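Enquirer: sequence? don't have it. structure:
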């Protein structure tokens, strides 16, 4: 059986396991107050060209989103998101559990449109009864999006511009950021993200880390963040595990290599499927590919390949997701293509 | 100046004020545990033909919605609503503040469509990752809706049917229920509502009461409701004020009379405006009328009439709301028409 | 039967009813945006000698506490209170429902001791793991307390001093403030309260108002307070009802008169019971009197007098509460004394 | 430098690392739906002699407590705990953040007394205004407690008895359960815990696991638990990491061995310090030892030993904590003793 379900099926990049094995019996300070975390943070600051960044390591993406959003919103504020945003659709109401509404706007290939956000804000403040409504308090985007698509530099700057004018922080969910940075033709870099965002996270769980996400506040933005983390059950006793992953990922370009492998294998997958005449639901330049299959073909494929059902397109066709990752081997892609 | 802004501008129906004045210095048990509340509850049970109903009086609509929804949902559940539902749009995130997501579906003249609700539920449970998503735990409708429109008996029964099959309670927000019951041609009665709903509230604030809403659980559905009320600051020390309003409203048909006055004046308003060639944004059979005005006309009207901006239709036209009520005099409507 | 259960058994002071009756059919702007509320606020600002005060009217005490505390705390903060504080004991967890811990310290006749508060804060910040703990974010006191006792000017200033040094707002719950201000020998006035507190509320429900509490921020302290009110179901559609009560109460010294009546009748009650040899659980200078009765006597009294059980003292004695109010007549007190 | 700060300084037991290294590049189903987790659960069911147990793996103790308590309480309920309970003192208000009050009772060497719990419940229900108060909805205990002490079988059965009579679930926080089970003279076993508790967790983070806690519901007690986990950010994408730890810990008695090592080294530590005339703040039979030191001695010790400040005893003496663990070597204890 071939597995293309997701990018978090394997453990961790072998270099991280090697480092971990070497220091497993060392004694470390708890709760992330150790030297390895400190070293990892410094490397991330450099990679982001953002020396004043405040960095926290959390265990997963839903957790990171919940804690960041809770820490940044006033009780009467909500968070603007594309309706397909992970926080709106697949986090079981974590934002609402913290007392805040997700203010969903229509998505465009998974993305928010800066003009539409501005129009929404304009109409909100024009509405005479807006004090009876949830105030838009921040903007959430994901990059890559849930459809694997990417913002351009121009699009990010336009969003930043709207946020600045309406005094709202811009938050970027980078669960698969490594794959976005490695995509062909993107003009979005880590330093750019650190410039346009107030806060973002660099995903580790899906990009070679043991697990964990690095939340980056690009300047001092929030008080008591550690205590909010603790309150949300997001402080790991052995926080240095997270430090180990990020310290390795940001040494010798490992994060970049992890990203590149997923993109190369995804590009081969795309080309191979295109050659065979398959069509795509979305044109994704990253590691998630959304393919339209006849149901008969889909059921036949299931015998040899494990993948993700995405959504029914019509009575006869289904959109399925195939994901490559830092760990995908080109030979697996070739084997996969042979089944199409 | 003429005022057609809303149905809660005056105090209370004079009969209620008279009753209140007569007993103002009596000593009553606190927190709604008094004989007047008990009497009012019994009258409501009879009006609903629902002898086993459990009834609580709350001070306002947002409060009633928040307390009822909080008391009925498990932590992982949300409430299905039309996207124009009051809980989704104009209650400042009260449902989310209690930790729950509003699961908004498209509205049709302010109403949920039973078929669309069913389709949504079907797709929800078919989705392999639905345990990562907020579970639909109840259905919220308003009757009349925020657009003044009404469900038919058949539509309510269809919604009830979907709810029953998916084991979800159906909750009806009756902030303006008196106006819905009095509308021309409706086949929806209080006993029908008590049959199809698990819980609903009979609006007092907007229908002649001093203030207050009567929440009616049509059978024993929730433990600890009084304590949830207290926790939400929804227990009035002098709860008997609420009892006085509802005891009067459900004596000698006063609630019906209040409804009828608003409908008669609204019907005259509609006929008069139609005669003059004005068109309506929605065809509302109740006390709220949504009229399309040229902006020039609207600005002229503002000099003599106070009304509510609803939404911009295009660059030259605006939708405005004119509301009649239990207190509107026919002569006020005639004066109003003279300004068109 | 004589009723000494509480200070919220009657409706409202007759002068308020008279005013209300006169304007019942007037048309008022909703949600407290009316001229009567504005007038009432201005009178309160004058009574407090605090021209920059921001004032909001809410319907009840639990609601006022919940909304104020929610609006002022960060997610990682809690509120310091005496363990007998109403928010800790009798508000059904309203503070916790908004996500915050009540940090309870030992009470002394219902009061917090400034030295103990300071010691607690000192130890908190000395604790190396205090970022794993709820940060004390504000101090809550009630005046009169739940035992009817009063802070002195010196005690309030000492609390203020601690709060200032630790940058925490001081919040005073004045549910029965009118009775505290009217007590014999107190050196605490409204202007003093406005000086030492960041925010407090002037209780109306228990001091002659129809119902309602006036929350007074002594300077601009919070954004979005109205929206937090709305979210908590604490915005009354007919907000002008609250304005009417407070506009009357702060005209011609009515609030003072209401307070004085309760104190005079309570003083007579105390003197009468002392003469007859009864003893008191707490020495209360306000309208709530806590009397120790032999259980046999208590049961006999129940035949003619309605009062509140407070707590069992030992197997043979019980503490009961007798409350006078703005509405108590001296002849009722004399009749009551005759039963002892 | 010698480190006796805590029991979570090292990584994981070498056998777990070995297993992890062997399967690091295998492809596993996400979110704990893999075969390793299934195997671990079955082994735990056997160790607990509880075949119907429902088991979930979470990443840490605060997270486990928050999710379990949220999933089991109604909105109007709180959780009874000793005032020193971890949920009351050191989890940053996680229970309150989910909307629930911690109902703190006095601790006795860190333990709740069944008689006192019963007395509290009796008084609660006797109080006429108990519907205005937070209803006690479950009982939380820790075993070992935060002071390292243990309940006896008799004490646990007495608590269970009270809980049964008042229909409240009993929840045991076993963050250091392995050390409790291995203590000399205890009559508490895993099967006993599964009998007396409705739900408990077996701590892994502090007892040799990479990290993670196994929440054991001893029968089907809650709906939607996985979704509550997801909402709380407590679903690990690579959930099989948690399975690996517990599958190893419950193979060949590894959990027992981990416990035994900590107890043996702690016993040597105790004996050694007693011989040297030191006294203990609490008589702890487990791996945490609370020692009273003169401040001068404490400061001298700091040069060579890293340990935890616990609390100031008086001006001249301090209580410090020394913790052994699954990883402590006897030679480290001997070295430590040499510094006293």
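Expert: Here it is on my side, so go on. Keep in mind it's a predicted model, so treat the numbers as computed, not measured.
Enquirer: list the buried residues in stretch A:59-66.
Expert: A:59, A:60, A:61, A:62, A:63, A:64, A:65, A:66 (16 or more other CB atoms under 10 Å in any protein chain shown). (Glycine included, C-beta is placed from N, CA and C.)
Enquirer: what of stretch A:188-206?
Expert: A:188, A:190, A:192-206.
Enquirer: re the thing from before, and chain D, which of the buried residues of stretch A:59-66 reach it?
Expert: A:59, A:60, A:61, A:62, A:63, A:64, A:65, A:66 (CB under 8 Å from any CB of the partner chain).
Enquirer: ok, the third one touching residue A:86?
Expert: Yes. Between residue A:61 and residue A:86 there is a contact at 7.1 Å, judged by CB atoms under 8 Å.
Enquirer: which residues are common contacts for those two?
Expert: Residues touching both residue A:61 and residue A:86 by CB atoms under 8 Å, 6 or more residues apart in numbering or on different chains: A:173, A:175.
Enquirer: the residue in the stretch 1-150 of chain A that chain C sits nearest to: how many residues sit nearby?
Expert: Per CB to the nearest CB, residue A:76 is where the stretch 1-150 of chain A lies closest to chain C, at 3.8 Å. By other CB atoms under 10 Å in any protein chain shown, 28 other residues sit near residue A:76.
Enquirer: same thing with residue A:276?
Expert: 9.
Enquirer: so what does it look like in phi/psi?
Expert: The phi and psi values for residue A:276, taken as degrees, to the nearest 10, are phi -80, psi 0.
Enquirer: now it: closest residue in space, sequence neighbours ignored.
Expert: The spatially closest residue to residue A:276, leaving aside those adjacent along the chain, is residue A:340, at 5.2 Å (CB to CB, 6 or more residues apart in numbering or on different chains).
Enquirer: so what's the one you found up against?
Expert: A:272, A:273, A:276, A:278, A:301.
Enquirer: related to what we said a few turns ago, dump the ones next to chain D among the buried residues of stretch A:59-66 into JSON lines; add secondary structure and pLDDT as well.
Expert: Shown next, in JSON lines, are those (DSSP: H, G, I helix; E, B strand; the rest coil; pLDDT from 0 to 100):
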{"residue": "A:59", "secondary structure": "coil", "pLDDT": "98"}
{"residue": "A:60", "secondary structure": "coil", "pLDDT": "98"}
{"residue": "A:61", "secondary structure": "helix", "pLDDT": "98"}
{"residue": "A:62", "secondary structure": "helix", "pLDDT": "98"}
{"residue": "A:63", "secondary structure": "helix", "pLDDT": "98"}
{"residue": "A:64", "secondary structure": "helix", "pLDDT": "98"}
{"residue": "A:65", "secondary structure": "helix", "pLDDT": "98"}
{"residue": "A:66", "secondary structure": "helix", "pLDDT": "98"}
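Enquirer: just those residues now: which is nearest chain D?
Expert: The nearest one, if we look at those relative to chain D and count by CB to the nearest CB, is residue A:63, at 3.0 Å.
Enquirer: which residues touch that closest one?
Expert: Here residue A:63 is in contact with A:213, A:232, A:233, A:234, D:233, D:234 (CB under 8 Å, 6+ apart).
Enquirer: export those to TSV and tack on secondary structure, pLDDT and neighbour count?
Expert: Converted to TSV, the contacts of residue A:63 look like this (DSSP: H, G, I helix; E, B strand; the rest coil; pLDDT from 0 to 100; neighbours: other CB atoms under 10 Å in any protein chain shown):
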residue	secondary structure	pLDDT	neighbour count
A:213	strand	98	30
A:232	coil	98	29
A:233	coil	98	28
A:234	coil	98	27
D:233	coil	98	28
D:234	coil	98	26
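Enquirer: ok, of these, which one's closest to residue C:33?
Expert: residue A:232 (38.1 Å; CB to CB).
Enquirer: so that closest one touches residue D:93, yeah?
Expert: No. Look at residue A:232 against residue D:93 with CB under 8 Å: they stay out of range, at 10.4 Å.
Enquirer: the contacts of residue A:63 also near chain B: which ones?
Expert: Of the contacts of residue A:63, not one also sits near chain B (CB under 8 Å from any CB).
Enquirer: possible to save these as a markdown table with distance to residue C:253?
Expert: Formatted as a markdown table, these follow (distance: CB to CB, whole Å):
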| residue | distance to residue C:253 |
| --- | --- |
| A:213 | 62 |
| A:232 | 52 |
| A:233 | 55 |
| A:234 | 56 |
| D:233 | 57 |
| D:234 | 59 |
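Enquirer: tell me who's in contact with residue A:85.
Expert: A:102, A:104, A:107, A:140, A:141, A:142, A:146, A:173.
Enquirer: ok, the fourth one touching residue A:171?
Expert: Meaning residue A:140. Yes. The pair residue A:140 / residue A:171 is scored as a contact, 5.2 Å apart, by CB under 8 Å.
Enquirer: and for these two, which residues touch both?
Expert: A:69, A:79.
Enquirer: any idea how far residue A:8 is from chain B?
Expert: 14 Å (CB to the nearest CB, to the nearest Å).
Enquirer: SS state for that residue?
Expert: coil (DSSP: H, G, I helix; E, B strand; the rest coil).
Enquirer: next, count neighbours for it.
Expert: The tally of other residues near residue A:8 (other CB under 10 Å) stands at 25.
Enquirer: quick one, phi psi at it?
Expert: phi -130, psi 40.
Enquirer: ok, it to residue A:60 distance?
Expert: 10 Å (CB to CB, to the nearest Å).
Enquirer: list residues touching both of the two?
Expert: Both residue A:8 and residue A:60 are in contact with A:205, D:237, where contact means CB under 8 Å, 6+ apart.
Enquirer: what residues sit buried inside stretch A:160-172?
Expert: Buried, per 16+ other CB under 10 Å, within stretch A:160-172: A:160, A:162, A:163, A:166, A:168, A:169, A:170, A:171, A:172.
Enquirer: which residues touch the third one?
Expert: Looking back up the chat, that one is residue A:163. Here residue A:163 is in contact with A:139, A:169, A:170, A:198 (criterion: CB under 8 Å, 6+ apart).
Enquirer: over to the second one?
Expert: For residue A:162, the contact set (CB under 8 Å, 6+ apart) comprises A:114, A:117, A:118, A:121, A:139.
Enquirer: the third one is in what secondary structure piece?
Expert: Think residue A:118. helix A:114-126 (DSSP states H and E).
Enquirer: what packs against that helix?
Expert: strand A:102-105, strand A:135-142, helix A:153-165 (3 or more CB pairs under 8 Å, 6 or more residues apart in numbering or on different chains; DSSP states H and E).
Enquirer: out of these, deepest packed?
Expert: strand A:135-142 (a mean of 24; mean count of other CB atoms under 10 Å in any protein chain shown).
Enquirer: that one vs chain C: in contact?
Expert: Yes. Applying CB under 8 Å from any CB, one finds strand A:135-142 in contact with chain C at residue A:135.
Enquirer: in the stretch 201-340 of chain A, which residue sits nearest chain D?
Expert: residue A:233 (2.9 Å).
Enquirer: right, and that residue touches residue D:67 too?
Expert: Yes. Between residue A:233 and residue D:67 there is a contact at 7.4 Å, judged by CB under 8 Å.
Enquirer: between the two, what contacts are shared?
Expert: Contact criterion CB under 8 Å, 6+ apart; residues shared by residue A:233 and residue D:67: D:232, D:234.
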